[in-house]
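Colleague: What shape does this take:
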Amino acid sequence: MVDSGEVVSVNELIFMVAESPEGGYEARALGESIFTEADTFADLHEKVRDAVRCHYDPGREPKIIRLHFVREEVISA
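Modeller: Prediction:
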């Protein structure tokens with residue numbers, strides 16, 4: 001049981017990443033209200049880290065951030 005005054009830190013956070021229809025990437029955290037977007041893959045890493053730092057109190061950020069890429073493809077039957 002978690003005491004209502006207790007602050008719990010997260011060890012790992014997973015982002016679902018998809019290509020944006022406008023170009024670039026969109027990333028959403030699972031289980032948290034964190035969303036960001038970036039134009040390039042390299043920029044995505046920094047934008048995700050920045051969004052996580054803004055969401056958590058200092059020292060409570062997750063130790064690991066996983067990016068799970070989702071790609072949609074349409075093929076003919």
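Colleague: rest of the way, CA atoms for contacts and neighbours
Modeller: OK.
Colleague: Where does Ala51 sit: helix, strand or coil?
Modeller: Using DSSP: H, G, I helix; E, B strand; the rest coil, the structure places Ala51 in helix.
Colleague: Likewise for the one 3 residues further on?
Modeller: Secondary structure state of Cys54, per three-state DSSP, is helix.
Colleague: residues near it, how many?
Modeller: Residues near Cys54, counting by other CA atoms under 10 Å, number 12.
Colleague: Got the confidence number for it?
Modeller: What the model reports as pLDDT for Cys54 is 95.
Colleague: can you check the one 10 residues further on too?
Modeller: Reading off the confidence values, Ile64 has pLDDT 95.
Colleague: and it, what is it in contact with?
Modeller: Contacts for Ile64 (CA atoms under 8 Å, 6 or more residues apart in numbering) come out as 11-13.
Colleague: again with Ala38
Modeller: Ala38 is in contact with 24-26, 44, 47, counting by CA under 8 Å, 6+ apart.
Colleague: same thing but 6 Å
Modeller: By CA atoms under 6 Å, 6 or more residues apart in numbering, Ala38 lies in contact with 24-25, 44.
Colleague: Counting only helices, which of those residues make the cut?
Modeller: Using DSSP state H, the members of those that fall within helices are Leu44.
Colleague: Which among the contacts of Ala38 count as buried?
Modeller: Among these, the ones that count as buried by 16 or more other CA atoms under 10 Å are 25, 44.
Colleague: quick one: which of the contacts of Ala38 is nearest to Pro58?
Modeller: The nearest member of the contacts of Ala38 to Pro58, counting by CA to CA, is Leu44 at 21.3 Å.
Colleague: on that earlier part again, for Ser33, state which of the contacts of Ile64 is nearest.
Modeller: Using CA to CA, Leu13 is the member of these that sits closest to Ser33, with 11.6 Å.
Colleague: from the chain's centre, how far out does stretch 17-30 sit?
Modeller: Offset of stretch 17-30 from its chain centre (CA atoms, centre = their mean, to the nearest Å): 10 Å.
Colleague: Next, the distance between the ends of that stretch.
Modeller: Terminal residues of stretch 17-30 lie 11 Å apart, using CA to CA, to the nearest Å.
Colleague: List the buried residues for that stretch?
Modeller: For stretch 17-30, by 16+ other CA under 10 Å, it's 17-19, 25-29.
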